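*Asks:* just need the structure, nothing else, for what follows:
(one chain, ligands or ions: 1)
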Amino acid sequence: MFEAPILDPARFTALGEAVEGRVPVRDLERLQSALHDAGGEIRYRVEGLRTAEGLPALAMHVEGNLSLTCQRCLSAVPFDLAHDSRIVMVKDEASLPDLAEEAEGIDAIVQPDRLNIAELVEEEILLALPLVPVHPDGGCRPEGKAQTAEREHPFAALNRLKKPS
Ligand SMILES: [Zn+2]
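*Replies:* Reported below is the predicted structural model:
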């Protein structure tokens, strides 16, 4: 877990405070298994607010460039992270809306005693990642075998295609 403030959620949202910062990608522990390369950093901003209904809420923003592992060819696939979301905090589990009733881009959680900004930001980044990162069709690195064959006979495949069979 990286260094970030731990706050009182009631106070933070009532005052409309904001916290922003940067975190090196390598410090995001729960992200590491999805990464091809842990370079770079993520910028984040967490803003406290009250909804129209007067509920404490957080506006979250995370952005940065990540290098994920393509699940088809296992080479690097760049991912441009830029994610906004809202988290509404309710007093207990009974007040949580049904999943089906949750509006797009708005999550509800039970208000914690302490707001751990690092934990929230990491969770937010994980939620923004593609479930199965892959290159667009045709963008995958050719398999090792095909690559070697191409290097040995650069025009062999082309000649085969041109020859009428
Ligand atoms: Zn790929």
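
*Asks:* Val25: neighbour count?
*Replies:* 20 (other Cβ atoms under 10 Å). C-beta here means a position set from N, CA and C on the backbone, and glycine is covered the same way.

*Asks:* quick one, phi psi at it?
*Replies:* Main-chain torsions, Val25, degrees, to the nearest 10: phi -60, psi -30.

*Asks:* tell me how far it lies from Glu122.
*Replies:* Per Cβ to Cβ, to the nearest Å, Val25 is found 11 Å from Glu122.

*Asks:* okay, and the common contacts of these two?
*Replies:* Common neighbours of Val25 and Glu122, counting by Cβ atoms under 8 Å, 6 or more residues apart in numbering, are Leu31.

*Asks:* given the helix or strand Ser67 falls within, what are its sheet partners and their directions?
*Replies:* Taking DSSP states H and E as the definition, Ser67 sits inside strand 56-69. Counting by DSSP bridges, the strands paired with strand 56-69 are strand 35-37 (antiparallel), strand 41-50 (antiparallel), strand 76-90 (antiparallel).

*Asks:* average model confidence for the second one?
*Replies:* In this model, strand 41-50 has an average pLDDT of 97.

*Asks:* quick one: buried residues of it?
*Replies:* Under the neighbour-count criterion of 16 or more other Cβ atoms under 10 Å, strand 41-50 has Ile42, Tyr44, Val46, Glu47, Gly48, Leu49 buried.

*Asks:* what does it rub up against?
*Replies:* Contact with strand 41-50 is made by 9, 12-25, 28, 56-64, 66, 81, 117, 120-121, 124-125, as judged by Cβ under 8 Å, 6+ apart.

*Asks:* my guess is Thr13 contacts Ala59. True?
*Replies:* No. Here Thr13 does not reach Ala59: they are 10.2 Å apart, not a contact under Cβ atoms under 8 Å.

*Asks:* the ion contacts on this structure?
*Replies:* Cys70, Arg72, Cys73, His135, Cys140 (Cβ under 5 Å from the ion).

*Asks:* just put these in CSV and tack on secondary structure and neighbour count.
*Replies:* Shown next, in CSV, are those (DSSP: H, G, I helix; E, B strand; the rest coil; neighbours: other Cβ atoms under 10 Å):
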residue, secondary structure, neighbour count
Cys70, coil, 17
Arg72, coil, 15
Cys73, coil, 16
His135, coil, 16
Cys140, coil, 15
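
*Asks:* for this structure, give the helix that spans the most residues.
*Replies:* helix 117-128 (DSSP state H).

*Asks:* quick one: mean pLDDT over that one.
*Replies:* Over the span of helix 117-128, the pLDDT mean works out to 94.
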